[in-house]
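pasting a predicted model and its sequence here:
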Amino acid sequence: MHQLSVLVVFCVFMTGCSNHIRAIQHYQQIAQHYNIPSLDIIQPIKISNNQYIKTPLQLATSWNGYRLYADLNQWTATAVNYTKAELAKRSAHVDQNATNHGEAKKIEKQIKIAITHAYYEYGQWLGIRCYLSLRAETSDGYIAVYQVNNHSSSGEQKASDGAIIEAVVMMLNDEKIIGYLLV
């Protein structure tokens, strides 16, 4: 009996566990230390999720077999929400049903966003680092990929949320994105 319990514990230890990491579900205000420029955006704009893969992808495996999974479509939805909120704070009319100062108008400006790649890396001591790539494509054909990484000693959730925020901030500081939004 003792050998059976040792075998069960050994099997559980070797196969590990898994965890599905979700991006934050609600908008949290991006901290002031992230410098996002003031913008006076007049034209309505659509920000859309361009990540169509909805199956959880394995992002890391720890030394004991603990596996981390994430849905990059859901992470992209969080990036879209952050982008919309930050642009709305700058008086932009952001939505798929946006109007131009009350008048229904076809939206000609669009930014398609997709988190295309992500993975975790465990540190030697405390903490974990999340690496990700956010791809942005404007309706005038400009494409940029923002690669970021964020370390957290508070766990996987904080590492991924911070990386998403940093990618959005990097996108909103891109001179070509700013120029596109202002024209």
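Received the coordinates, thanks.

mind listing what's buried in stretch 112-120?
Neighbour counts over stretch 112-120 (16 or more other Cβ atoms under 10 Å) mark 112-116, 118-120 as buried. Where C-beta positions appear, they are placed from N, C-alpha and C, glycine not excepted.

same list (those residues) but as CSV, adding pLDDT.
Below are the buried residues of stretch 112-120 laid out as CSV (pLDDT from 0 to 100):
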residue, pLDDT
Lys112, 96
Ile113, 97
Ala114, 97
Ile115, 95
Thr116, 94
Ala118, 88
Tyr119, 84
Tyr120, 81
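
other SSEs contacting the longest strand seen in the chain?
Longest strand in the chain, counting residues (DSSP state E): strand 109-122. On a contact count with 3 or more Cβ pairs under 8 Å, 6 or more residues apart in numbering; DSSP states H and E, strand 109-122 meets strand 45-49, strand 57-61, helix 72-88, strand 128-138, helix 156-172, helix 175-182.

by contact count, what packs against the last one?
Packing partners of helix 175-182 (3+ Cβ pairs under 8 Å, 6+ apart): strand 109-122, strand 128-138.

who wins for proximity to Thr78 among those strands?
Proximity to Thr78, assessed across the helices and strands packed on helix 175-182 by Cβ to Cβ, is greatest for strand 109-122 (8.8 Å).

pull up the pairing partners for the closest one, direction included.
strand 45-49 (parallel), strand 128-138 (antiparallel) (DSSP bridges).

below-threshold pLDDT in this protein: ranges please.
Low-confidence segments of the chain (pLDDT under 70): 1-34, 57-66, 96-106, 124.

repeat the analysis, applying 50 as the threshold.
Within the chain, the stretches with pLDDT under 50 are 6-16, 18, 24-27, 98-101.

ok, for Ile128, nearest residue in space, not its chain neighbours?
Leaving aside its sequence neighbours, Ile128 sits nearest to Ala159 (Cβ to Cβ, 6 or more residues apart in numbering; 5.0 Å).
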